[in-house]
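Trainee: Give me a 3D structure for the following:
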Amino acid sequence: MKTTLAGSVTIQTRPSHYSTRPATLNQNVSVNELVTNKLSADQELKQMWDDSRTEYRLLGELVKLRKARGLSQAELAEKSGNKQQAISRMENKENSPTLKTLCTILDALDCDIMFVQRTN
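Mentor: Predicted coordinates:
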């Protein structure tokens, strides 16, 4: 695949039977349209998608807080009792922090979690 426009991807498909011939069909497809169609057709996938987006938003906020306080990953790790590698993997969304780890990081950043009712 190769990106052709922001939000679009060029998809090259092959015939249904195996062939070494070059792709025979090119079409531009909106990534947002593909994702929306897949999510509307599969409720389990939609739930997993929504859960991961919430997790990624939370991890993104933790990175912003760390940077706003002028802390390096190593400094946050030391303050929170974690390893720098663990902070890095969490910030790069390679690992999800446990609740305990999340709480130690929030304590080190002098932050609390507040639960707020959604207004969908």
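
Trainee: Only C-alpha atoms from now on, for both contacts and neighbour counts.
Mentor: Noted.

Trainee: Next, the buried residues of stretch 37-46.
Mentor: 39, 46 (16 or more other C-alpha atoms under 10 Å).

Trainee: Rounded mean pLDDT for that stretch, please.
Mentor: The average pLDDT for stretch 37-46 rounds to 86.

Trainee: what does stretch 55-62 give?
Mentor: Mean per-residue pLDDT for stretch 55-62: 88.

Trainee: Which pLDDT does the model give K93?
Mentor: For K93, the predicted pLDDT is 85.

Trainee: pretty sure it contacts Y56?
Mentor: Yes. Assessed by C-alpha atoms under 8 Å, K93 is found in contact with Y56 at 7.2 Å.

Trainee: Counting neighbours, show which residues of the longest helix anywhere in the chain come out buried.
Mentor: In the chain, assigned by DSSP state H, the helix with the most residues is helix 43-68. By 16+ other C-alpha under 10 Å, the buried positions in helix 43-68 come out as 46, 56, 59, 62-63, 65-66.

Trainee: where's the next helix or strand after that helix relative to the chain centroid, distance-wise?
Mentor: As assigned by DSSP states H and E, the chain's next helix or strand after helix 43-68 is helix 73-80. Taking C-alpha atoms, centre = their mean, to the nearest Å, one finds the center of helix 73-80 at 23 Å from the center of the full chain.

Trainee: buried sites along helix 73-80?
Mentor: By neighbour count with 16+ other C-alpha under 10 Å, helix 73-80 contains the buried residues 73-77, 79-80.

Trainee: Check for me that V29 belongs to a helix.
Mentor: No. Looking at V29 with DSSP: H, G, I helix; E, B strand; the rest coil, it is strand, so not inside a helix.

Trainee: For burial, what's the neighbour tally of it?
Mentor: When counting by other C-alpha atoms under 10 Å, one arrives at 15 neighbours for V29.

Trainee: Restricting the selection to alpha carbons, write the host helix or strand of A86 to PDB.
Mentor: Using DSSP H and E, A86 maps to helix 84-91. Coordinates of each C-alpha in helix 84-91 appear next as PDB, following Å, rounded to 0.1, in the frame of the first residue of the first chain:
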ATOM      1  CA  GLN A  84      13.000   4.300  32.600                       C
ATOM      2  CA  GLN A  85      12.400   1.500  30.100                       C
ATOM      3  CA  ALA A  86       9.000   0.800  31.500                       C
ATOM      4  CA  ILE A  87       8.100   4.500  31.100                       C
ATOM      5  CA  SER A  88       9.300   4.500  27.600                       C
ATOM      6  CA  ARG A  89       7.400   1.300  26.600                       C
ATOM      7  CA  MET A  90       4.200   2.800  28.200                       C
ATOM      8  CA  GLU A  91       4.600   6.100  26.400                       C
END
